[in-house]
Every structure is written in structure tokens, then in C-alpha cells.
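Student: coordinates for the following, if possible.
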Amino acid sequence: MFGLSSLLRNIPDEFKPMAALGIGAVILVGLVLFHGAGIHRIIVWHLKGEGRLLSGRPHLIAASVLFGWAVFLLLCLHIAEIIIWAFLLTRMGLIQRVQDSIYFCANAYTTIGYGQDALEMQWRNISPIIAFSGLFTFAWTTSVLVDLVRAHRQLVTQLQEERSKELELRTSLRKDELDALVREREAEHEERERTRKTAAGASFFARRKDWREEREKIRELRKAKLAEIDTLRRKERSGEEQLGPGMPPKDSAGKK
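Tutor: Predicted coordinates:
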């Protein structure tokens with residue numbers, strides 16, 4: 001905006017109020033377009049985050065972080081728009097000090113209304129235009145925020161359902177592993193009892209043969225137990241992996 005401040009000073013005083021409205025309107029339209037682009041990027045990012053959470057293990061904390069970060073990005077978007085207003089007013093020479101410009105634009109943007117004396121009388125029409133830009137963008141953000149809250153609630157509900165199913169799978173796995181261990185221990189006990197009864201009154205070499213057969217049988221039982229537990233764990237992992245992709249997607253903020 002080289003030379004723009006001097007150009008604005010050369011405008012006759014009676015035309016400056018209309019010039020303020022025109023300049024403010026152009027900036028407002030540009031900021032609304034900027035806000036729309038930022039909203040679009042935030043929604044796309046949030047949808048991708050939802051997809052990652054639903055396709056993997058159910059992490060409820062990660063869902064809260066995703067929602068909180070989306071809200072923070074919306075706040076950053078509004079702060080950026082206030083800074084853009086302040087930068088433009090400073091470059092146009094309407095407000096000399098940057099800190100004064102930021103304070104004035106923040107109050108006008110949020111419609112608080114403090115800092116009316118920051119602008120000259122002829123350029124004060126820009127103040128309501130800044131307020132209009134805040135009203136437009138805040139309304140848009142509110143609409144998106146409502147959708148984000150709804151999408152977050154649906155996401156948390158889905159993740160809680162997946163988490164419950166995951167816990168059920170793990171509980172069932174522990175029960176099946178315990179049952180396999182109990183069966184193996186009972187089979188070992190029966191094998192030792194059979195060997196003890198068979199070895200009673202037998203010769204040393206016969207007892208030695210029975211003991212070797214007993215150890216071999218016990219090794220087979222333990223090997224079968226480990227194989228059964230490994231099969232159970234693979235089945236449980238497969239069930240957990242199918243939780244995310246198996247859940248049908250629900251409505252989210254991007255559909256509005």
C-alpha cells in the first residue's frame with residue numbers, strides 16, 4: 001500500500017465518510033472470503049482426524065484433543081482477522097501506533113465499542129464495518145462450532161461403543177486363556193496320576209519308560225496350550241482391528 005496513506009489524506013473531507021464505507025466494504029468482503037477458506041481448512045482437517053480415530057483403536061483422549069484443537073484454530077482465525085484489520089488501518093495511516101490499532105480493531109470486531117477516538121471523525125464509518133465483519137464471521141463460526149460439538153458428541157459415542165467392545169474382547173480373551181491353562185493343568189495332573197499308578201509295582205526300567213512318556217506328554221500338552229492361547233490372541237487382535245472400520249460413519253461438521 002505504498003503511497004495509500006497520502007492518497008487518502010488528499011480526499012476532500014466531505015467525501016471521506018463515503019470513502020471509509022467503500023474501503024471498509026472491500027476489506028470486509030476479503031475478510032469473509034479469508035474466513036471461509038480458513039473454516040473450510042479446519043473442517044477438512046477435523047474430518048480427517050475423525051477418520052483416523054474411527055479407523056484405529058478407540059482413543060477418547062485423542063478425540064478431546066482433536067475437538068479442543070479445532071476450537072483453538074477457530075480462535076486463531078478470528079485473531080488473524082483482527083490483526084489484518086489493524087495492519088490495514090496502520091498502513092493506510094488511519095491509526096499511527098500498531099498497539100492502538102490492534103486494540104481498536106479488537107473492540108470494534110467484537111462489537112464491544114471501546115476506542116472510538118482512535119479514528120478521525122471523517123474515517124469513523126470504518127468502525128461499524130469492522131463490527132459487521134465480526135458479526136458475519138462470528139455467526140459463521142458459531143454455526144460451525146455447533147456442528148463440531150455435534151460431531152464430537154457422535155464421535156465420542158462411537159469411540160465409547162468401540163471401547164466397550166474392545167474391553168469385552170479382552171475380557172473374553174483372559175477368560176479363554178485361563179480356561180486353556182486350567183485344562184492344561186488338569187491334563188498334566190491326570191497324566192502324572194496315570195504314570196504314578198502305572199509305575200506302582202513295575203520294574204525300574206518300566207518306570208523309567210513311563211516317566212519319559214509322561215514328560216513327552218506334558219511337553220505336548222504345554223505346546224498345545226501355547227498354540228491355543230496364540231490362536232485366541234490373534235483372534236482377539238483381529239476383532240479389535242475390525243472395530244474401527246466396521247463402524248458406519250455418522251454425520252459430521254463437514255456436511256453442513
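
Student: helix/strand/coil for Arg57?
Tutor: coil (DSSP: H, G, I helix; E, B strand; the rest coil).

Student: low-confidence bits of this structure, can you list those?
Tutor: Scanning the chain for pLDDT under 70 picks out 1-5, 114-117, 199, 201-202, 204-205, 207, 240-256.

Student: ranges for the helices of it?
Tutor: 4-9, 16-55, 60-91, 98-109, 126-199, 204-241, 243-246 (DSSP state H).

Student: list the buried residues in the fourth one.
Tutor: Judged by neighbour count using 16 or more other C-beta atoms under 10 Å, the buried positions of helix 98-109 are 100-109. All C-beta atoms are positioned from the backbone trio N, CA, C, and that covers glycine.

Student: got TSV for those, with distance to Ile84 too?
Tutor: Conversion of those to TSV gives the following (distance: C-beta to C-beta, whole Å):
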residue	distance to Ile84
Asp100	16
Ser101	11
Ile102	11
Tyr103	15
Phe104	14
Cys105	9
Ala106	12
Asn107	16
Ala108	13
Tyr109	10
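
Student: right, so of the helices of the chain, which gets closest to Leu119?
Tutor: Nearest to Leu119 among these is helix 126-199; the distance by C-beta to C-beta comes to 6.5 Å.

Student: so who does Arg194 touch?
Tutor: By C-beta atoms under 8 Å, 6 or more residues apart in numbering, no residues touch Arg194.

Student: tell me the most buried of the helices of the chain?
Tutor: helix 98-109 (a mean of 20; mean count of other C-beta atoms under 10 Å).

Student: what does it rub up against?
Tutor: 78, 81-83, 85-87, 89-90, 95, 113-115, 118-119, 127-128, 130-131, 133-134.
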